[in-house]
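Student: coordinates only, sequence not included:
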RNA sequence: GGGGAGGUUCCCGAGUGGCCAAAGGGGACAGACUGUAAAUCUGUUGGCUCAGCCUUCGCAGGUUCGAAUCCUGCUCUCCCCA
């Protein structure tokens, strides 16, 4: 049985440093310092609240930033309280100009929670996390209770929030229900008696509502702090739908290859937020050759999820395949189908092999000189390919490869 | 409730009867360059049995030789007034 350290085993300075490292907003430091002091004196840690959105469960490394922070705090003996926003999710959150999000059923929430915990467990010790669903208190809050909650804030206070401002100026719709969000999230803090709440920088407004509501309930207002949102591989906000995200469940190879494609300018933030390489070492790396720094970054992150050996292998594969332009180890083989007859037009062949999206796409690739058979460029889109006697290597661009067997 | 403006291809956005598979930008993909990127230059970006044909401009009808463009109904969004 492993015994965990207590908060009082660490100095105030160590606690403060852990909170402050890589943090963007901290409201406010004095409160935190005083709070820590009084709790440590009693041999207690803090209750650190963190909310998860159960409407999606696919986590990417952007999500890992607060989780890593929570892990640091957990190691210092603080209690992590994970709020599952099942009630908030069921309100249905219309995001920007897109359509209403479908309202989630209990079953979907359960399923998303399960996969979330599974992924969060890659980082946190979930055994020691207090998981609370906010339906626990919102289900019993009747209409009167809801009205009361609504009186806690004014419309003016609500639309101070920059996202509302922006959307109003852009003429985009805002649902009334969206005003309920911050209130509900803030009320969660009251219910779990949070000492501290962590969120991404986009959550600052919501986090501050928690402070306000706790104050009104004569609780000590929570300390609020935020971690940055990192951009995706292409510099835009990291999001699964932009296809610029690195998934927590991506395999070592995918992870390493993706991180190696990262924009140089994003490295300092990624290093600080996604690794725990000591500051001085980080500075040395960043001052050196960007390629080396990035390789180290990829290694650190990948090793965190897959272990050092897998990370090393992935790095070697990257050097071999991308730097030295050699073929990957595992190339899928497509067997020649009998109904293709004796020969198949090149665009159709590429499409059948799944190397291009459509025959038309294949035709374009050929015209652009992207298609190679055994290394030889095929530039005639009208040409056909006969059933090969020996295994034929088919390449489209730099990344798409396949074998064709006769 | 009244008035006005809108819904266009992955996204933003131009297009008011044929020259529109639809300008321009973004993104993506491909080629050159490179450090693995970025930046830059070039090209491509609905589908197909591909010099032709088919499908697409909120939805459903209609007018017309011909509609993203005109008409009718429906639907969704924004703004102003109440």
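Tutor: Noted; the coordinates are in hand. These numbers were taken from a predicted model, which means no experiment stands behind them.
Student: residue numbers of the stretch 251-400 of chain A in contact with RNA strand B?
Tutor: Contact residues, the stretch 251-400 of chain A versus RNA strand B (C-beta under 7 Å from any atom of the strand): A:260-264, A:289-295, A:322-323, A:345, A:347-348, A:351, A:357-361, A:363-365, A:368-370, A:396-400. From N, CA and C alone the C-beta is placed, and that goes for glycine too.
Student: from the residues you listed, which land in helices?
Tutor: Among these, DSSP state H puts A:260, A:290-295, A:347-348, A:351, A:359-361, A:363-365 in helices.
Student: name the member of those with the most neighbours.
Tutor: Highest neighbour count within those: residue A:347, with 24 neighbours (other C-beta atoms under 10 Å).
Student: surely that residue is in contact with residue A:371?
Tutor: No. With contacts counted by C-beta atoms under 8 Å, residue A:347 stays clear of residue A:371, the gap being 9.2 Å.
Student: who touches both of the two?
Tutor: Common contacts of residue A:347 and residue A:371 (C-beta atoms under 8 Å, 6 or more residues apart in numbering): residue A:362.
Student: what residue in the stretch 151-300 of chain A comes nearest to RNA strand B?
Tutor: residue A:291 (2.2 Å; C-beta to the nearest atom of the strand).
Student: and that residue, what pLDDT?
Tutor: pLDDT recorded at residue A:291 is 89.
Student: and for residue A:52?
Tutor: pLDDT for residue A:52: 87.
Student: separation between it and residue A:186?
Tutor: 16 Å (C-beta to C-beta, to the nearest Å).
Student: also residue A:30?
Tutor: Remark: distance between residue A:30 and residue A:186 (C-beta to C-beta) = 22 Å.
Student: residue A:369 too?
Tutor: Separation of residue A:369 from residue A:186 (C-beta to C-beta): 58 Å.
Student: name the residue in those two with the higher neighbour count.
Tutor: residue A:186 (25 against 11).
Student: quick check: closest non-adjacent residue to the more buried one.
Tutor: Closest residue in space to residue A:186, ignoring its immediate chain neighbours: residue A:209 at 3.5 Å, by C-beta to C-beta, 6 or more residues apart in numbering.
Student: pretty sure the one you found sits in a strand.
Tutor: No. Counting by DSSP: H, G, I helix; E, B strand; the rest coil, one finds residue A:209 to be helix, located in no strand.
Student: what is the neighbour count of it?
Tutor: 24.
Student: please name the residues that touch it.
Tutor: A:153, A:182-183, A:185-186.
Student: list the residues that contact residue A:261.
Tutor: Each residue near residue A:261 by C-beta under 8 Å, 6+ apart is listed here: residue A:233.
Student: isn't residue A:7 up against residue A:48?
Tutor: No. With contact defined as C-beta under 8 Å, residue A:7 does not count as touching residue A:48 (11.0 Å).
Student: looking at those two, which is more packed in?
Tutor: The residue with more neighbours, out of residue A:7 and residue A:48, is residue A:48; 25 against 20, by other C-beta under 10 Å.
Student: where does that one land in three-state SS?
Tutor: Relying on three-state DSSP, one would call residue A:48 strand.
Student: bridged to it, which residues?
Tutor: As for beta bridges, residue A:48 partners with residue A:80, residue A:196 under DSSP bridges.
Student: how about the contacts made by it?
Tutor: Contacts here follow C-beta under 8 Å, 6+ apart; on that basis residue A:48 touches A:70, A:73, A:78-81, A:194-198.
Student: make a PyMOL selection of the buried ones in the residues you listed.
Tutor: Here is the PyMOL command that selects the buried residues among those (16 or more other C-beta atoms under 10 Å):
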select buried, chain A and resi 70+73+78+79+80+81+194+195+196+197+198
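Student: most centrally placed residue in chain A?
Tutor: residue A:60 (2.7 Å; C-alpha atoms, centre = their mean).
Student: the nearest residue to residue A:125 once chain neighbours are set aside is in what secondary structure piece?
Tutor: Spatial nearest neighbour of residue A:125, chain neighbours left out: residue A:74 (6.1 Å); criterion: C-beta to C-beta, 6+ apart. Under the criterion of DSSP states H and E, residue A:74 resides in helix A:61-75.
Student: for that helix, give me every contacting residue.
Tutor: A:5, A:18-19, A:21-23, A:46, A:48, A:50, A:80, A:120, A:123-125, A:128-129, A:198-200, A:227-230, A:232, A:238, A:245-248, A:273-274, A:276, A:301.
Student: which of these count as buried?
Tutor: A:18-19, A:22-23, A:46, A:48, A:50, A:80, A:120, A:123-124, A:129, A:198-200, A:227-230, A:232, A:238, A:245-248, A:273-274, A:301.
Student: tell me the buried residues in stretch A:398-406?
Tutor: By neighbour count with 16+ other C-beta under 10 Å, stretch A:398-406 contains the buried residues A:400-404.
Student: check the offset of that stretch from the chain's centre.
Tutor: Stretch A:398-406 sits 32 Å away from the centroid of its parent chain (C-alpha atoms, centre = their mean, to the nearest Å).
Student: where do the strands sit along the stretch 1-150 of chain A?
Tutor: A:26-27, A:47-52, A:79-84, A:129-133 (DSSP state E, counting those that start in this stretch).
Student: closest residue of the stretch 301-406 of chain A to RNA strand B?
Tutor: The minimum distance from the stretch 301-406 of chain A to RNA strand B, using C-beta to the nearest atom of the strand, falls at residue A:397 (2.5 Å).
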